[in-house]
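# Sequence plus the predicted model coming up.
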Amino acid sequence: MGKKRVMLPASEVDLAEVKYEQELIQAPRLSGFKLKLFVKLIEAPLIGSLIISQLKKQNKMVEMLQNSVIPEAPMFKPEFPPQEPETGVVLLEESGKPEDRVELAFKCLPHYDPASSCSVESPTTFCYWKIRDYAYAYRLKLATPSMVAERFISAMEEFVNKKPPTPLLISFDAEEVRKQAAASTQRFEEGNPLSILDGIFMAIKDDIDCYPHPSKGASTWMHEVRPVKKDAASVSRLRSCGVILVGKANMHELGLGTTGINPNYGTARNPHAPDRYTGGSSSGPAAIVASGLCSAALGTDGGGSIRIPSSLCGVVGLKSTYGRTDMKGSLCDAGTVEIIGPIASTVEDVMLVETTTYDPVIAKAMGQPGPCFQLMHMSIQAMAQSQGGLSAVDWALSFNNLKWYAAILGSSPLDRICLKPSLPCVPDLSSHENSNVLGSLRLGKYTEWFNDVFSTDISEKCEGVLNQLSETHGCKVVEIIIPELDAMRLAHIVSIGSEAQCSLTPEVEDGNGAKLTLDTRTNLALFRSFAASDYVAAQRLRRRIMYYHMEIFKKVDVIVTPTTGMTAPVIPPSALKLGESNLQVSGNLMRFIITANLLGLPAISVPVGYDKQGLPIGLQIIGRPWCEASVLRLAAAVEELCGKPKKRPVSFYDILKGN
């Protein structure tokens, strides 16, 4: 072993000396029979460890994890310093009737004019129907949830017969959808819808529990060792709002991939170009929204798994601050980089799904520090248990007769104690002050990183959006430098890989490992090679990277990048049956999204146009901890600037009108 490299403390690093280095991934591109042979080699007892060891050396993993002295203490999950409060926002009220909070929340959205709602009949005027369009149609009896359900079921039957198979849902029960739709239709007939989300169709990614559907993680066996007995916390909140849950959406197996390829059930295709990937791992959720079949979907994001497919499919995907949403009832509920979040066709709809009302008791408790804070939560938990064993948040929400735009937002009691989140709030987009607040935003841009893309179409389109924001709203673009991006990528892969390996070890050792797809087994072979010391080193790097970013956020309000370094890649025909391992493609897709996962920051992908091939391009906005409102405000402005003209996807279904 050579001499150890001693790293300077992060606070002493001279930014003037920082040089941007392009990411160079040394790994073979494999699919079909070659991938099958490679997996046999890396799983062999002796030769496998030699191959993995060589790959790690070529990619400087050993140099950074084992041959470096990192002075910072480990940060085993994101820790956030106190943040300045956001301006121009509406806090979710601590007291008052639910109906009052409903009215307050409605006022946060721009004025809705049904007469100016987009028509999907002409490609030149195409845009997606919004949740408020469905709500308007239901209330005026222009459509009913049951009518929409029949159109949805017909579309699902069409997908079943496609060749090759391109399933958007891998667990679907038409009669269950009809039953939910009939109940919603009856509520509208009686003039008593539960919320603005009543009758809205949503898909749930296959790693989030949605009873009675199994949660397979798009594997062939996970449901056998982990039966589903009830909804995940986030799904339960959606169901209480009257959302029609259509089933479990396809995904990259166990979330361990960025393309969405899945030999187990068939690969979801990009609605804009069926010969191309959707991106992953939330492939089915993004494709089903982009196809017009659902207004929104729930996904999970541990390494860009919401934002990557949202960008590639031309829709909106939000990753909230780590700890903002309760992960209970998901396959990835024990990690330190994952969240559950929404995918929708518009920023407005993402807001409606993500945001929720809080019970006054919880809201006040969240504002109390120290022992009083913890005692209040213990009291809430005790009350919850007396109500039949519900979680504190679920009990509070049901007690509050959850209304309107209440949905998935709400961290678990434990996370609220550990992370001390600020009160949830939304940007007041209807306020006259909104433009002033928007104009005061400082946008951080690391130019060399921003321009490190596979196609200049991406950087040029995103650069044009920043110019428009400056010219139209007065936003200021500030040049920033982010040190040690290579260390950030490595810390993330070690963190998510070690945590995934740990959660899967019992089942894999019981013989289920051989049932996994080849690219999943390739990833797990790498993850198994990480030692405990590697994991600790990665958490030391996490603290360094957090320091750099908190210093940057003293100068800017958000960081802006392209969402992905490439648009949707072509699906190799040889990959459909046995899968594919292409770390160069993964590197291009993940280049800009790691920050939000490793550090737990909020981030959103917003579509901003298309490349020369007509493939969607996304802009990413990364915010300060707990500052989803600023992220959503800027995203709404970007959407307004770039929303038209939209290109109608090749695969699109108008289930509201039935055209």
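The structure has been received and is ready for your questions.

# How about the secondary structure of L443?
strand (DSSP: H, G, I helix; E, B strand; the rest coil).

# Give me the phi and psi angles of the closest residue to T472 other than its chain neighbours.
When the adjacent residues along the chain are set aside, T472 lies closest to L641, with 6.5 Å between them (C-beta to C-beta, 6 or more residues apart in numbering). C-beta coordinates here come from the backbone N, C-alpha and C atoms, glycine included. Here is the backbone geometry of L641 (degrees, to the nearest 10): phi -70, psi -30.

# hang on, L641 packs against S470?
No: between L641 and S470 there is no contact under C-beta atoms under 8 Å: 11.1 Å.

# who has more neighbours, those two?
Taking other C-beta atoms under 10 Å, L641 and S470 do not tie; L641 has more neighbours (17 against 14).

# List the residues that contact the more buried one.
Counting by C-beta atoms under 8 Å, 6 or more residues apart in numbering, L641 touches V465, Q468, L469, T472.

# Can I get the buried ones among those residues as something I can paste into PyMOL?
Here is the PyMOL command that selects only those of those that count as buried (16 or more other C-beta atoms under 10 Å):
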select buried, resi 465+468+469
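
# between the contacts of L641, which is nearest A334?
Nearest to A334, judged by C-beta to C-beta, of the contacts of L641 is V465 at 37.2 Å.

# Make sure I have this right: that closest one is in a strand.
No: counting by three-state DSSP, V465 falls outside a strand, being helix.

# what sits against it?
With contact set as C-beta under 8 Å, 6+ apart, V465 has these partners: V608, L619, V638, L641, C642.

# Distance of it relative to L91?
Look at V465 and L91: by C-beta to C-beta, to the nearest Å, they are 30 Å apart.

# and if you look at Y322?
Distance, Y322 to L91, by C-beta to C-beta: 21 Å.

# Could you check how far the nearest residue to G609 once chain neighbours are set aside is from N67?
Using C-beta to C-beta, 6+ apart and skipping residues adjacent in sequence, the residue nearest G609 is K461, 4.8 Å away. Using C-beta to C-beta, K461 is found at 40 Å from N67.

# again, but for I604
37 Å.

# do the same with Q186
Distance, Q186 to N67, using C-beta to C-beta: 67 Å.

# Would you confirm that the residue nearest to G609 contacts V608?
Yes: using C-beta under 8 Å, K461 is in contact with V608, at 5.7 Å.

# which residues do those two both contact?
The contact sets of K461 and V608 overlap at I617 (C-beta under 8 Å, 6+ apart).

# Looking at the two, which one has more neighbours?
V608 (24 against 20).

# just the CA coordinates of the host helix or strand of that one, formatted as PDB?
For V608, the host element (DSSP states H and E) is strand 603-610. The C-alpha coordinates for strand 603-610 follow below in PDB (Å, rounded to 0.1, in the frame of the first residue of the first chain):
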ATOM      1  CA  ALA A 603     -34.700  19.000  -5.800                       C
ATOM      2  CA  ILE A 604     -37.000  19.100  -8.700                       C
ATOM      3  CA  SER A 605     -36.800  18.300 -12.400                       C
ATOM      4  CA  VAL A 606     -38.900  20.500 -14.800                       C
ATOM      5  CA  PRO A 607     -39.200  20.000 -18.600                       C
ATOM      6  CA  VAL A 608     -37.700  22.900 -20.500                       C
ATOM      7  CA  GLY A 609     -37.800  21.700 -24.100                       C
ATOM      8  CA  TYR A 610     -36.400  19.100 -26.500                       C
END
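
# can you list contacts of that strand?
306-308, 310-311, 314-319, 347, 350, 461-462, 465, 563, 593, 595-596, 616-623, 631-632, 635, 638-639, 642, 647.

# tell me the contacts of the residue nearest the centre of the chain?
Centroid check for the chain by C-alpha atoms, centre = their mean gives I306 as the closest residue, at 3.1 Å. Taking C-beta under 8 Å, 6+ apart, we find I306 in contact with S282, P285, A286, G299, T300, G317, L318, K319, G341, P342, I343, S605.

# 6 Å instead, please
Counting by C-beta atoms under 6 Å, 6 or more residues apart in numbering, I306 touches S282, G299, G317, K319, G341, I343.

# By neighbour count, sort out the buried ones in those.
For these, buried by 16+ other C-beta under 10 Å: S282, G299, G317, K319, G341, I343.

# Over to the residue nearest to G609. Which of the three states is it?
Classification of K461 by three-state DSSP places it in helix.

# starting at the chain centroid, how far to stretch 41-59?
Averaging C-alpha positions (C-alpha atoms, centre = their mean, to the nearest Å) puts stretch 41-59 32 Å from its chain's average.

# Please apply the same query to stretch 566-577.
That offset, for stretch 566-577, works out to 22 Å (C-alpha atoms, centre = their mean).

# Could you work out the end-to-end span of that stretch for me?
24 Å (C-alpha to C-alpha, to the nearest Å).

# Show me what counts as buried in it.
By neighbour count, and taking 16+ other C-beta under 10 Å as the criterion, the buried residues in stretch 566-577 are M566, T567, A568, P569, I571, A575, L576.

# Next, format these as a markdown table and append secondary structure and distance to S503.
Putting the buried residues of stretch 566-577 into a markdown table (DSSP: H, G, I helix; E, B strand; the rest coil; distance: C-beta to C-beta, whole Å) gives the following:
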| residue | secondary structure | distance to S503 |
| --- | --- | --- |
| M566 | coil | 30 |
| T567 | coil | 32 |
| A568 | coil | 30 |
| P569 | coil | 29 |
| I571 | coil | 29 |
| A575 | helix | 26 |
| L576 | helix | 28 |
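
# circling back: including distance to F76, could the contacts of L641 go into a markdown table?
Below are the contacts of L641 laid out as a markdown table (distance: C-beta to C-beta, whole Å):
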| residue | distance to F76 |
| --- | --- |
| V465 | 36 |
| Q468 | 41 |
| L469 | 37 |
| T472 | 43 |
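
# Just give me the longest helix of the protein.
Using DSSP state H to define each element, the chain has its longest helix at helix 485-507.

# what packs against that one?
helix 518-528, helix 532-552, helix 594-599 (3 or more C-beta pairs under 6 Å, 6 or more residues apart in numbering; DSSP states H and E).

# Which of the contacts of V465 scores worst on pLDDT?
Ranked by pLDDT, those bottom out at C642 (93).

# If the closest residue to T522 other than its chain neighbours is in a bridge, with which residues?
Using C-beta to C-beta, 6+ apart and skipping residues adjacent in sequence, the residue nearest T522 is S581, 4.9 Å away. Beta-bridge partners for S581, by DSSP bridges, are L30.
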